[in-house]
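Enquirer: have a look; sequence and predicted model below, questions after that.
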There are 2 protein chains.
Amino acid sequence: MDTRTRALDLGRHYLQTLGFNGFSFQTVADALGIRKASLHYYFASKEDLGMALIEEYQKSYADWAVKREHLSAEEKMEQLIQMFVKIGADHKICPGGVLCADFGSVSNPMKKKLLQFHLGQKAWLVRTLKQGIQEKTFRKNLPVEETADLIQASIQGGLQVARIRGEMKSFKTLGKTLIQNLKA
Amino acid sequence: MDTRTRALDLGRHYLQTLGFNGFSFQTVADALGIRKASLHYYFASKEDLGMALIEEYQKSYADWAVKREHLSAEEKMEQLIQMFVKIGADHKICPGGVLCADFGSVSNPMKKKLLQFHLGQKAWLVRTLKQGIQEKTFRKNLPVEETADLIQASIQGGLQVARIRGEMKSFKTLGKTLIQNLKA
DNA sequence: GTCTATAGCGGGATAGAC
DNA sequence: GTCTATCCCGCTATAGAC
């Protein structure tokens, strides 16, 4: 794996465990086994790295979604929860949640990109809920916008809560409840 | 108002807008109009300030709850949502959420105190839900633990989402949905 | 592409005068 | 209680050698 890719992987790790203000170029460089000056060869600035990280998240998420396009809405939702369970099991929180919390201390371009990422995720949720209604597995009268907002907020908050509690049981239960509430 | 109290108020403000790693003693001292060295007279270290801030939150929240002890469970829940709407309208997020996100880069004593604060809020929710069941305004078969977890997570996440979106409408809707789901 | 070296700043924290 | 002065550290970032 090339250095840039490894740097991005490490960046993701530190971002999701320590927050954007909680790690430095030094942290990443040390883990890479190179000098922090060398890291500037790949990323002109820390903001640059931050922007690249959000782009990475967007790409991974898009890939993830494409691979699951053939699934039923119910299966999609279950795998979505499963994905966040894995993140939580790794003592991480979701990228959207980290950057939301650091939102006030981040540059305008990053704010903009973060909003874009966030709205992309919401759009996927809305589409999937509509799919489930068509498939008649989800309630016909499901308010899709509001439900998508509730799911997004509770997953984000739920992962944060799970991390401070040091257990994932409550998050798994939350996931089950969310999906149960969709059903016809 | 004495300097220590003013410092705590400012600390709360910066914590909830910038995150714990997003502000410094300098930030607070500047806003106070004193030198940062003088701030060390009140708080030996930044961690000390952090601990004091969590204690402040615990106290305010306890006061808030005591003043509302005579209310019905439904009124309590409505006022709780209202409190968070005010926080969001001020471009802030909830203290629990901030510190949850910064959790990985914070000292062990702060982690412990944060967990304590968090569990205290959950305990209040559980008590209030039970009250509502007794009052027959909330569903008899409401799973109190799980519901408390869902409310806590979605409020926390919802405020963060509202801030990046720059609007509180979705949060208000979320609040209404949460309360509606409790009702008999 | 990676290095050494260094600039320049801001952070947390302390000593000691007033 | 608040100040000045200072320390040491870690951060971002750049210049220039290899």
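Expert: Nice, I can see it.

Enquirer: chain neighbours aside, what residue packs nearest to residue A:118?
Expert: Nearest non-adjacent residue to residue A:118, counting by CB to CB, 6 or more residues apart in numbering or on different chains: residue A:96, 5.5 Å away. In short, each C-beta sits where N, CA and C put it, glycine included.

Enquirer: need the residues of chain A near DNA strand D, please.
Expert: Residues of chain A found near DNA strand D (CB under 7 Å from any atom of the strand) are A:24, A:25, A:26, A:27, A:36, A:37, A:40, A:44, A:45, A:46, A:47.

Enquirer: pretty sure the fifth one is touching residue A:26, no?
Expert: Yes. Taking contact to mean CB atoms under 8 Å, the distance of 5.1 Å between residue A:36 and residue A:26 places them in contact.

Enquirer: those two: which is more packed in?
Expert: Applying other CB atoms under 10 Å in any protein chain shown to residue A:36 and residue A:26 shows that residue A:36 carries more neighbours, namely 14 against 11.

Enquirer: OK, contacts around the more buried one?
Expert: The contact partners of residue A:36, by CB atoms under 8 Å, 6 or more residues apart in numbering or on different chains, come to A:24, A:25, A:26, A:28, A:29.

Enquirer: make a ChimeraX selection of the buried ones in the residues of chain A next to DNA strand D.
Expert: Filtering the residues of chain A next to DNA strand D down to the buried ones (16 or more other CB atoms under 10 Å in any protein chain shown) takes a single ChimeraX command:
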select /A:25,27,46
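
Enquirer: among the residues of chain A next to DNA strand D, which one lies nearest to residue A:18?
Expert: Nearest to residue A:18 among the residues of chain A next to DNA strand D: residue A:27, at 7.9 Å, using CB to CB.

Enquirer: distance from the worst-scoring helix or strand of chain A on mean pLDDT to the middle of the chain?
Expert: Across the helices and strands of chain A, mean pLDDT, DSSP states H and E gives its lowest value to helix A:95-101, namely a mean of 90. In terms of CA atoms, centre = their mean, to the nearest Å, the centre of helix A:95-101 is set 8 Å apart from its chain centre.

Enquirer: and if you look at stretch A:133-147?
Expert: What separates the centre of stretch A:133-147 from the centre of its chain is 23 Å, taken as CA atoms, centre = their mean.

Enquirer: now do the same end-to-end measure for it.
Expert: With CA to CA, to the nearest Å as the measure, the ends of stretch A:133-147 fall 12 Å from one another.

Enquirer: got a list of contacts for it?
Expert: For stretch A:133-147, contacts defined as CB under 8 Å, 6+ apart pick out A:72-74, A:125-126, A:129-130, A:132, A:181-184, B:170, B:173-174, B:177.

Enquirer: report the buried members of the residues you listed.
Expert: Burial by neighbour count, judged by 16+ other CB under 10 Å, picks out A:73, A:74, A:125, A:129, A:132, A:182, B:170, B:173, B:174 from these.

Enquirer: could you find the closest non-adjacent residue to the first one?
Expert: Nearest in space to residue A:73, with sequence neighbours left out and distances taken as CB to CB, 6+ apart, is residue A:132 at 3.2 Å.

Enquirer: just the helices in chain A please.
Expert: Counting by DSSP state H, chain A has helices at residues A:3-18, A:25-32, A:36-42, A:46-67, A:73-89, A:95-101, A:108-134, A:144-165, A:169-182.

Enquirer: could those helices go into JSON lines alongside distance to DNA strand C?
Expert: Output for those, formatted as JSON lines (distance: least, CB to the nearest atom of the strand, whole Å):
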{"stretch": "helix A:3-18", "distance to DNA strand C": "4"}
{"stretch": "helix A:25-32", "distance to DNA strand C": "7"}
{"stretch": "helix A:36-42", "distance to DNA strand C": "3"}
{"stretch": "helix A:46-67", "distance to DNA strand C": "12"}
{"stretch": "helix A:73-89", "distance to DNA strand C": "28"}
{"stretch": "helix A:95-101", "distance to DNA strand C": "17"}
{"stretch": "helix A:108-134", "distance to DNA strand C": "19"}
{"stretch": "helix A:144-165", "distance to DNA strand C": "22"}
{"stretch": "helix A:169-182", "distance to DNA strand C": "32"}
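
Enquirer: between those helices, which gets the lowest average pLDDT?
Expert: The minimum mean pLDDT among the helices of chain A belongs to helix A:95-101 (a mean of 90).

Enquirer: packing partners for it?
Expert: helix A:3-18, helix A:46-67, helix A:108-134, helix A:144-165, helix B:95-101, helix B:144-165 (3 or more CB pairs under 8 Å, 6 or more residues apart in numbering or on different chains; DSSP states H and E).
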